[in-house]
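**Q** fold the following and give me the result.
(chains A, B, C, D, E and F)
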There are 6 protein chains.
Amino acid sequence: MDLSHVAWTTEDRAGIYFAEPGAAPRASTVIYDSSASAMSRIAPGMIDWRAVLDDTRWFHTSGITPALSESAAATTIEALATAKNMGITVSYDLNYRGKLWSTDKARAFQEPMMQHVDVLIATEEDTRVVFGIGARAGDDTFIRVDTEVYAEVARRLQERFGVRAVAITLRENPLVWRNTWSALVYADGELHCAPRYEVEIVDRIGAGDAFSAGLIFAFLRNNDWNGAVRYGTALSALKHTVPGDFSQATLAEVEQVLAGGSLRVKR
Amino acid sequence: MDLSHVAWTTEDRAGIYFAEPGAAPRASTVIYDSSASAMSRIAPGMIDWRAVLDDTRWFHTSGITPALSESAAATTIEALATAKNMGITVSYDLNYRGKLWSTDKARAFQEPMMQHVDVLIATEEDTRVVFGIGARAGDDTFIRVDTEVYAEVARRLQERFGVRAVAITLRENPLVWRNTWSALVYADGELHCAPRYEVEIVDRIGAGDAFSAGLIFAFLRNNDWNGAVRYGTALSALKHTVPGDFSQATLAEVEQVLAGGSLRVKR
Amino acid sequence: MDLSHVAWTTEDRAGIYFAEPGAAPRASTVIYDSSASAMSRIAPGMIDWRAVLDDTRWFHTSGITPALSESAAATTIEALATAKNMGITVSYDLNYRGKLWSTDKARAFQEPMMQHVDVLIATEEDTRVVFGIGARAGDDTFIRVDTEVYAEVARRLQERFGVRAVAITLRENPLVWRNTWSALVYADGELHCAPRYEVEIVDRIGAGDAFSAGLIFAFLRNNDWNGAVRYGTALSALKHTVPGDFSQATLAEVEQVLAGGSLRVKR
Amino acid sequence: MDLSHVAWTTEDRAGIYFAEPGAAPRASTVIYDSSASAMSRIAPGMIDWRAVLDDTRWFHTSGITPALSESAAATTIEALATAKNMGITVSYDLNYRGKLWSTDKARAFQEPMMQHVDVLIATEEDTRVVFGIGARAGDDTFIRVDTEVYAEVARRLQERFGVRAVAITLRENPLVWRNTWSALVYADGELHCAPRYEVEIVDRIGAGDAFSAGLIFAFLRNNDWNGAVRYGTALSALKHTVPGDFSQATLAEVEQVLAGGSLRVKR
Amino acid sequence: MDLSHVAWTTEDRAGIYFAEPGAAPRASTVIYDSSASAMSRIAPGMIDWRAVLDDTRWFHTSGITPALSESAAATTIEALATAKNMGITVSYDLNYRGKLWSTDKARAFQEPMMQHVDVLIATEEDTRVVFGIGARAGDDTFIRVDTEVYAEVARRLQERFGVRAVAITLRENPLVWRNTWSALVYADGELHCAPRYEVEIVDRIGAGDAFSAGLIFAFLRNNDWNGAVRYGTALSALKHTVPGDFSQATLAEVEQVLAGGSLRVKR
Amino acid sequence: MDLSHVAWTTEDRAGIYFAEPGAAPRASTVIYDSSASAMSRIAPGMIDWRAVLDDTRWFHTSGITPALSESAAATTIEALATAKNMGITVSYDLNYRGKLWSTDKARAFQEPMMQHVDVLIATEEDTRVVFGIGARAGDDTFIRVDTEVYAEVARRLQERFGVRAVAITLRENPLVWRNTWSALVYADGELHCAPRYEVEIVDRIGAGDAFSAGLIFAFLRNNDWNGAVRYGTALSALKHTVPGDFSQATLAEVEQVLAGGSLRVKR
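**A** Numbering: from 1, shown residues only, chains lettered A, B, ... in the order given. From the prediction side, this is the model:
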């Protein structure tokens, strides 16, 4: 990994979060301790985005960054605009965090950003909360998540923002420790759906990031949205099964899941 | 908490129990080590119940106390009678423990007690085991628990003992670590049912006590059985999700469950 | 336990295995580290089987032994043939391990062994993998396992090898940590089916061995296949609920499961 | 505990620290994450010290507070001055933290504060680091800590700042997990020394605070510096033996240590 | 182990104890919960000691049994007298527990018992506490334990009670988790001393019992007090290094310690 | 790290070992399970040492490799001879493992190897066990290790084998969990001694390898034996304080130890 463009500081703290795992009917909670974090101090002009993005095919960021501070929001726009301008594919994971900013603020800041975005990634929940496009009100227990509904949501988001592709992850949440997990991509007028996985959750934090990583990796490899959404979904399904907030799955493990193998002990 | 009326002793031991958690199809077990416990030595005359209960609105006790010894049973009656006599609302959680006394003894001792009880609280299982009023024989796997059946059970218990209210907790037990949990109250000719919660169990010991606590707290606050059974059920559903045998839930957590929130990570 | 016939060695290592527990959709895996193990060095002539089996009613072994090495396979045949010859009941748990040998090799070695076997024990998966008799191809996720299909499989295996009885364990595997578990025996033209248990898995390794142990124990006690398959299934269902690879269940615990008790806390 | 004067905020974060336990020859380390903490935002005028201190006999604070920010330092002076003015006994634990401010800054801020202080509490290390009065340079491994030397240090600090009493804790630090621990007080021209305890360390964080607590508690009870330094030392020696950063010792446990009991198992 | 003479009961509870590990300067503590235990209900006549002791060479018991109840004390005497009468070697571990009975009671009960005892085993502390024969008063921190002093103590005990041998274990207790451990036997006018071991304590509970076991085992094997005290001391030194209250050491491990091996890693 | 010359195999197993931590007076033990390991199958001709060592300044190996098998021993000689021949500095850590080969075999194989070695590294124990040059017999408890004695041992080893430098690590082993640790180098007629560190042991496995690593790293950096032995000793002293068998210390941590810092909490 190339860390040469990281702007290090000895002044500010690293943002941290505290996660309290729940159990049905008690939801898990996350408390952000990001105030005065180094990332919240980022400001336009601090990073030479043209240098950072030189020779880059894809730029990805998420809605947590602009939620940290106004200067972080401005820097996010700066980065997105520069990348778009350089012809780089730009993906954006909406990643709404209600404990960091209000829905009003999130909408006001992020709607204009969408002009710089090629691939919008969101959860089944955030599309409605932030952009008002989602399953009908009252369906917010997410015990059953209807793919059809979200295909339509993806279509409407694509139309509204004119992005190239919209990816929506689909989590059914009847319990805390057992969910289903799937995703779809609407791109170029076509819908691509991944299988729906039963996931026995060890640690679900980082599943969204793993989805984005898998989607981008697979699309860059094969230029194929169908393969990309399936790869991203399998990788992020696996993420749920390991502790820690980033995926440790190997290519072979993802492929085993994609091949639809059984849950027998492999021996 | 006011401990000023506790009768302390340096002579006798504290009763303890050993809990062995199971996993389907192996049931959990509890072994009581309560012989020669201080509580088993309690005897009529030892406590000045009029002083203890002075200025009190509600008195609650459970069927574990009379199961400990004959003197404890006599003291239970003494307390219930005094409370009733003073015009205090008396609730009694049947809490049958087959390892402490036989069903015959439990029935013989507790039937006469019912004249002093205003609110009888019981599980779906104990009403039949102790008083012979329950779901029909053979339905004792409790994999499906029918609310209608227990509404009728509550009605019959109310008639038989002339108590003001009967509360029955309803546990479906298809697995050890995942149950459903609900409750109903039959009072003043009306039935009040709480929602049924899926519970991912961390430690179920103490759920019954949490139900009683929530029921009493909410009824004293609003004088409303419907709210009370809902509050008690939510509080005790939350109890299942934390280790230890007493509830640590905050008012806000109970209200979140009552509001029917999703199991999304709160962040 | 009589260890007097064990052939000890100070030269060779004990075979070990490494188990990595999964979580849906990541399967558990086992890595065998059995090369150069003492057991792989066993060779015909090393054990005086007639002395070992003197005064013995039943001889049981499994398909892991012949998978270790050619000399171990030859010794397995030597033992089976001797036992059969002595009129001892011989049971054989197919126990196919794809990481130890190929299906071709497993079939080539084990088909001729079947002439010495009275009771063939196998999983729903191994019958097809090794002998080509199983549920139809494509049904290998084992999320639903149809008893009828496996009754037929047992019948065909019985016919093909002329064994006295065929026992098949039936695992439904929709998740890693929650399965159903059952078994059937086809013997003397009759089918005997155990109940299907929901199992909350603590450690499933050793469940197959516990099934064999329970089947043999109960059959030797009562000479009754129906009781034997029920006993073996209950014992092995319990094995899933304790850590470690051998059963610690007492007779009383097995009988409680056989009696179909509820999953209430016993107290 | 009376929390009615606490100024709560929903804006700022709680300061936290990360402790990494060492083992000889690797020292333990603590990283403070206190920037933007609520406490660092405290400012003069925010607290009505006269109201807070009304009817109070003793006011204690430590050198960590002024190290957090300039406004916190100003507020510390405000509090000390008010307390002194009201005739309240003021104790101040120097508690130097080199990761929060420089020695120059610590000296510049704290020397003027000393006019408001009655009882100065410090470690054998901080007296020299902050005020330049300590064991001679080069003696900073603290493997042997000479009481005589620190009696002299206490005397000089008392003279320099005109405080009523100086308490110095004395830690010998030849290893990370086994230290000796003692303390002395110089007051009214007299020296009072506690015994030196061998401590098997479970968690040493909070030992200094436990010393202050014990010293103040015992002095308020008996108005006797000799008893106070002995009580504070025993209480803080016990603090080392329990996890967490505050003492859980009972009066009886402190008295057992003060009575010089053996380390036999009490049974 | 032959359990055929155990008098089982389903009525009474097993005595238990709670151990709280300390750390210098906080001593470890043990709380006994033995009231109403089955053992405390033992009474003369309940056990047929002649049958139990038939064909037995050695009978060993300890001072915890008579401390449990008067009937247990009477039964202890009954057993000792019978054994002595049958010509069996009788050893008695004084094992004084101040939380079970007073020193006065312990002395009054146990002095008469000594007429039935051949081998008295005691700690350096209990000889003085119970029989008033020990190191001089004030030496009760046991940070240094002088072998000479205890040789004299053993001699005086031998004279006073006319026992064949007196064994005293010698623990230096400067810290909770690191002690020295040794023992001596005075028998037939001769003193036999074991080496003194530095012990890094994992769990010291059961060390006394391990000493008795080793002493008896080795004496029965070789009829040699010098070897016996050395073997018992080595075995019990090893006991300190494993969790749980009984020794798991092998003969080979004891012999390695007896051979004075280094603490290098054996590889 | 460059892995391009590793000869991978899918045939053979990785050697493993089992470590059982002791506590005084029970020594820790290690059991090797290296038979049939991939490394034991290495054979002359399998590795192109000239290619591997091209452009290399230093080659280091240890006496565990030749202990694995005769072919591994032959390959060790092949590697050493090639490196020596290419003018590369060769270091060899004697690392005697009595559970892998006898002292006779170890001496017979390794004495001739010494002609290819520039820097011989050994423990205070192995020099005598393998080459018969060490502290006098009977001093094998290693509770006190005299630097003078080992300076002489180093000198004699240097003379006997004509190596450029001899490094000896010096461990005092009075307890299992607390040792002292030091080292010396005799080179070019001069003796270089590191300080002696008290080490509170978390995991001592890998300390020898960390010493070699530090010695080589520091010597390559500054060409100075005095600095090298000090650096190697500090790095390996730190290794004792972390779990796992390789050092995780940073340069800054080693330098802090070299600077002789105190064991105060750094905060």
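
**Q** start to end distance for stretch A:113-127?
**A** 15 Å (CA to CA, to the nearest Å).

**Q** need phi/psi at residue A:197.
**A** Dihedral angles of residue A:197 (phi, psi; degrees, to the nearest 10) stand at phi -100, psi 140.

**Q** right, and it touches residue A:178 too?
**A** No. Counting by CB atoms under 8 Å, residue A:178 is not a contact partner of residue A:197; they are 11.1 Å apart. No exception for glycine: its C-beta is placed from N, CA and C like everyone else's.

**Q** and those two? which has more neighbours close in?
**A** Legend: neighbour count by other CB atoms under 10 Å in any protein chain shown for residue A:197 and residue A:178, higher for residue A:178 (21 against 18).

**Q** ok, that one - contacts?
**A** Each residue near residue A:178 by CB atoms under 8 Å, 6 or more residues apart in numbering or on different chains is listed here: A:198, A:199, A:200, A:201, C:175.

**Q** got it, and residue A:175?
**A** Applying CB under 8 Å, 6+ apart, we find residue A:175 in contact with A:24, B:178, B:198, B:200, B:263.

**Q** make TSV from these and add distance to residue B:70, secondary structure and pLDDT to it.
**A** TSV is the format used below for these (distance: CB to CB, whole Å; DSSP: H, G, I helix; E, B strand; the rest coil; pLDDT from 0 to 100):
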residue	distance to residue B:70	secondary structure	pLDDT
A:24	43	coil	96
B:178	40	strand	97
B:198	42	strand	96
B:200	41	strand	97
B:263	48	coil	87
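
**Q** among these, which two are most distant?
**A** B:178 and B:263 (13.5 Å; CB to CB).

**Q** and stretch A:41-50, C-alpha only, in PDB?
**A** Output in PDB follows, covering the C-alpha atoms of stretch A:41-50 (Å, rounded to 0.1, in the frame of the first residue of the first chain):
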ATOM      1  CA  ARG A  41      -9.200  19.100  10.600                       C
ATOM      2  CA  ILE A  42      -8.600  18.300   7.000                       C
ATOM      3  CA  ALA A  43      -9.100  21.400   4.800                       C
ATOM      4  CA  PRO A  44      -9.200  22.400   1.200                       C
ATOM      5  CA  GLY A  45      -5.700  23.000  -0.200                       C
ATOM      6  CA  MET A  46      -4.100  20.700   2.300                       C
ATOM      7  CA  ILE A  47      -3.800  17.800  -0.100                       C
ATOM      8  CA  ASP A  48      -2.500  18.000  -3.700                       C
ATOM      9  CA  TRP A  49      -5.300  15.900  -5.200                       C
ATOM     10  CA  ARG A  50      -3.900  16.000  -8.700                       C
END
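
**Q** next one: that stretch to chain centre, how far?
**A** 23 Å (CA atoms, centre = their mean, to the nearest Å).

**Q** residue A:82 in helix, strand or coil?
**A** On the three-state scheme (DSSP: H, G, I helix; E, B strand; the rest coil), residue A:82 is labelled helix.

**Q** measure the residue most central in space within chain A to residue E:119 for me?
**A** With distances taken as CA atoms, centre = their mean, the residue of chain A nearest its centroid is residue A:93 (3.9 Å). Distance of residue A:93 to residue E:119, computed by CB to CB, to the nearest Å: 78 Å.

**Q** and if you look at residue A:133?
**A** Distance from residue A:133 to residue E:119, counting by CB to CB: 89 Å.

**Q** what residue in the stretch 51-200 of chain A comes nearest to chain F?
**A** In the stretch 51-200 of chain A, no residue comes nearer to chain F than residue A:55, which is 26.0 Å away by CB to the nearest CB.

**Q** give me phi/psi at that residue?
**A** When read as degrees, to the nearest 10, the backbone of residue A:55 gives phi 70, psi 30.

**Q** who's in contact with it?
**A** By CB under 8 Å, 6+ apart, no residues touch residue A:55.

**Q** ranges for the strands of the stretch 51-200 of chain A?
**A** Secondary structure of the stretch 51-200 of chain A by DSSP state E, counting those that start in this stretch: the strands cover A:58-62, A:89-93, A:119-123, A:165-172, A:178-187, A:190-193, A:197-200.

**Q** strand A:119-123 and the longest one, what's the angle between them?
**A** Meaning strand A:178-187. With axes from the mean of the first three to the mean of the last three CA atoms, to 10 degrees defining the directions, strand A:178-187 sits at 160 degrees from strand A:119-123.

**Q** tabulate the CA atom coordinates of strand A:178-187 in CSV.
**A** Extracted in CSV, the C-alpha atoms of strand A:178-187 (Å, rounded to 0.1, in the frame of the first residue of the first chain):
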residue,chain,number,x,y,z
ARG,A,178,-28.1,-13.5,12.1
ASN,A,179,-29.0,-11.4,9.1
THR,A,180,-29.4,-12.0,5.4
TRP,A,181,-27.1,-10.0,3.2
SER,A,182,-27.4,-9.2,-0.5
ALA,A,183,-26.9,-6.3,-2.9
LEU,A,184,-27.9,-5.1,-6.3
VAL,A,185,-26.4,-2.7,-8.9
TYR,A,186,-28.5,-0.7,-11.4
ALA,A,187,-26.2,0.4,-14.3
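
**Q** and for residue A:28, the neighbour number?
**A** Look at residue A:28: counted by other CB under 10 Å, it has 19 neighbours.

**Q** how close does the closest residue to it other than its chain neighbours sit to residue B:266?
**A** Distances taken as CB to CB, 6 or more residues apart in numbering or on different chains place residue A:22 nearest to residue A:28, at 4.0 Å, with adjacent residues excluded. As judged by CB to CB, residue A:22 and residue B:266 stand 9 Å apart.

**Q** the two - which one has more neighbours?
**A** Neighbours of residue A:22 and residue B:266, each counted by other CB under 10 Å, are more numerous for residue A:22; the result is 23 against 16.
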